[in-house]
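**Student:** got a sequence here, can you build the structure:
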Amino acid sequence: MGTPMSEPISAQHSDTAPDAAEVSFVCAVTVSEPASVGPLFRRLSTIPDATVNRRRSGPEDGKLGVAETLHLLVPSAAVLTVVIRTLPAFIRSRRSSVSVTITRGDRSVTFDGKNLPNPEHAIEITDRLLGDD
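**Tutor:** I've put the predicted structure just below:
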């Protein structure tokens, strides 16, 4: 992928004072079922302060088709925790078995119907993804 996802990105807002610069974290979100990318994009787009973009890329070696990834920009661990807490309801709402993987740099976590994130453990999962670089 083009942008290294292990580095925080400084958010650039024209209405932000220079001394109040925010640091944001970039994560890639992949979904096992292509038909579920749009619904997950719409759900994540409703989370305050989270920025979600859809990106298409060519197929991996030996595979056909186009892969779609959601790129998630969150300003804090708290917002990423909210994202993680929304995944159980999304996964349960899908008719087919679907898995969602969140990746930041070389760290990733995959959720499916068998290992839905427990709300009490969402902060631990966030800490594992963001960790100390």
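**Student:** list the contacts of the most centrally placed residue in the chain.
**Tutor:** In the chain, the centroid-proximal residue (Cα atoms, centre = their mean) is residue 29; its distance is 4.1 Å. Residue 29 makes contacts with 40, 44, 52, 69, 70, 71, 72, 100, 101, 102, 103, as judged by Cβ atoms under 8 Å, 6 or more residues apart in numbering. Where C-beta positions appear, they are placed from N, C-alpha and C, glycine not excepted.
**Student:** in helices, which of those appear?
**Tutor:** Taking DSSP state H, the ones among those that sit in helices are 40, 44.
**Student:** could you dump the contacts of residue 29 into JSON lines and include pLDDT and neighbour count?
**Tutor:** Shown next, in JSON lines, are those (pLDDT from 0 to 100; neighbours: other Cβ atoms under 10 Å):
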{"residue": "40", "pLDDT": "96", "neighbour count": "24"}
{"residue": "44", "pLDDT": "96", "neighbour count": "20"}
{"residue": "52", "pLDDT": "96", "neighbour count": "19"}
{"residue": "69", "pLDDT": "91", "neighbour count": "18"}
{"residue": "70", "pLDDT": "94", "neighbour count": "21"}
{"residue": "71", "pLDDT": "94", "neighbour count": "16"}
{"residue": "72", "pLDDT": "95", "neighbour count": "25"}
{"residue": "100", "pLDDT": "94", "neighbour count": "23"}
{"residue": "101", "pLDDT": "93", "neighbour count": "16"}
{"residue": "102", "pLDDT": "94", "neighbour count": "22"}
{"residue": "103", "pLDDT": "94", "neighbour count": "20"}
